[in-house]
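Asker: Would you be able to build a 3D model of this:
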Amino acid sequence: MYKVEFYYQGECIESRDYDEPFINPQIGDIVNIQFTNPSYNEYGSYWVIKERSIIFFPVQLVSLKQTLMLNIVPDVNHGLWKSDPLYNKNS
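Answerer: Model (predicted):
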């Protein structure tokens, strides 16, 4: 099993489990997160990845193979492409 955890202000705000490896977002990527905890919807669903850490587990000891920890912040551009004329007018 693979896990991705999203952190905001030092707190894990969302966690997802996957049976298969997933696309690993990189620093600077914008991700759209549909939260299971609706209190984070006030920030919007678009977030920017600021930092990432990966934990690898010994396969023979546990079923969890990898955890990807992502430090994220709300995207002030709300998911707009950089080529959009409105990009950066919200910051």
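
Asker: Can you check which strand is longest in this protein?
Answerer: Assignment by DSSP state E gives strand 46-56 as the longest strand of the chain.

Asker: list the helices and strands it packs on?
Answerer: Applying 3 or more Cβ pairs under 8 Å, 6 or more residues apart in numbering; DSSP states H and E, one finds that strand 46-56 contacts strand 30-32, strand 66-74. Heads up, the C-betas are built off the backbone N, CA and C, glycines and all.

Asker: what's the angle from the longest one to strand 46-56?
Answerer: Computed with axes from the mean of the first three to the mean of the last three Cα atoms, to 10 degrees, the direction of strand 66-74 lies at 160 degrees from that of strand 46-56.

Asker: Strand 66-74 - which strands sit beside it in the sheet, and in what orientation?
Answerer: strand 2-8 (parallel), strand 46-56 (antiparallel) (DSSP bridges).

Asker: what about the chain, any weak spots by pLDDT?
Answerer: Counting by pLDDT under 70, the ranges of the chain that qualify are 59-61, 89-91.

Asker: Spatially nearest residue to Tyr8 (excluding sequence neighbours)?
Answerer: Ile72 (5.7 Å; Cβ to Cβ, 6 or more residues apart in numbering).

Asker: Beta-bridge partners for the one you found, please?
Answerer: Ile49.

Asker: Could you measure from it over to Ile27?
Answerer: Taking Cβ to Cβ, to the nearest Å as the measure, Ile72 falls 10 Å from Ile27.

Asker: what does stretch 10-26 contact?
Answerer: Identification of contacts with stretch 10-26 by Cβ atoms under 8 Å, 6 or more residues apart in numbering yields 1-7, 31, 33, 35-37, 40, 49, 52, 66, 68, 70.

Asker: do that again at 6 Å, thanks
Answerer: Applying Cβ atoms under 6 Å, 6 or more residues apart in numbering, the contact partners of stretch 10-26 are Met1, Tyr2, Lys3, Val4, Glu5, Phe6, Val31, Phe35, Tyr40, Ile49.
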